[in-house]
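J.: Dropping the sequence and predicted coords here.
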Amino acid sequence: MGQARDADFSEYFAARVQRFRRLAFGMCGDWHGAEDLVQATFVQLYRRWRRVRPDTVDAYARRILLNLFLGRKRKHRRELVTSTPPDRAAPPGHDSHDRIDLERVLSDLTPRQRAMVVLRFLEDLSVAEVASLLGVAEGTVKSQTARGIEALRAVLPSPTSKE
């Protein structure tokens with residue numbers, strides 16, 4: 001029974017880890033923090049693996065990651081800014097010029113607002129799903145997402161402009 005549980009979890013982990021890394025990166029803005037969030041998420045998920053229904057495991061794992069992210073942001077309000085590059089290269093396809101601006105702008109959003117923007121546009125969740133996940137009204141998701149997008153548009157160049 002324990003081996004089947006471990007095999008099921010290992011299969012789920014292998015299939016979803018990249019997706020959760022991308023989601024975590026969108027929320028926290030750095031690959032090291034994303035790795036920490038994903039690791040903590042899968043540790044908590046493993047502890048509860050027997051009790052999680054197969055049809056809700058993605059939502060459950062996403063909720064764990066979100067709670068860890070928001071809890072971490074409450075404890076550590078300041079982000080570490082350094083002049084040295086990370087000790088690991090960005091993943092393939094990563095356009096550092098564009099990404100730096102997006103990371104900076106996303107870091108200016110509140111943690112909840114950033115989570116809403118990432119969940120809506122990176123994870124492609126509906127307003128209702130994000131509201132349920134965060135435990136807020138749908139109107140709150142709509143207004144906070146709109147404010148977040150407005151902040152992004154104010155700082156980032158428009159897609160048609162050439163610099």
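T.: Cool, got the structure.

J.: what ranges do the helices span in this protein?
T.: 2-28, 31-47, 57-75, 96-108, 111-121, 127-134, 138-155 (DSSP state H).

J.: Save the ones you listed as JSON lines, and put in mean pLDDT too.
T.: Below are the helices of the chain laid out as JSON lines (pLDDT from 0 to 100):
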{"stretch": "helix 2-28", "mean pLDDT": "89"}
{"stretch": "helix 31-47", "mean pLDDT": "93"}
{"stretch": "helix 57-75", "mean pLDDT": "85"}
{"stretch": "helix 96-108", "mean pLDDT": "64"}
{"stretch": "helix 111-121", "mean pLDDT": "88"}
{"stretch": "helix 127-134", "mean pLDDT": "90"}
{"stretch": "helix 138-155", "mean pLDDT": "88"}
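
J.: And for Cys28, nearest residue in space, chain neighbours not counted?
T.: Distance criterion C-beta to C-beta, 6 or more residues apart in numbering; nearest residue to Cys28, sequence neighbours excluded, is Ala34 at 5.7 Å. Heads up, the C-betas are built off the backbone N, CA and C, glycines and all.

J.: Contact partners for Leu125?
T.: For Leu125, the contacting residues are 119, 133, by C-beta atoms under 8 Å, 6 or more residues apart in numbering.
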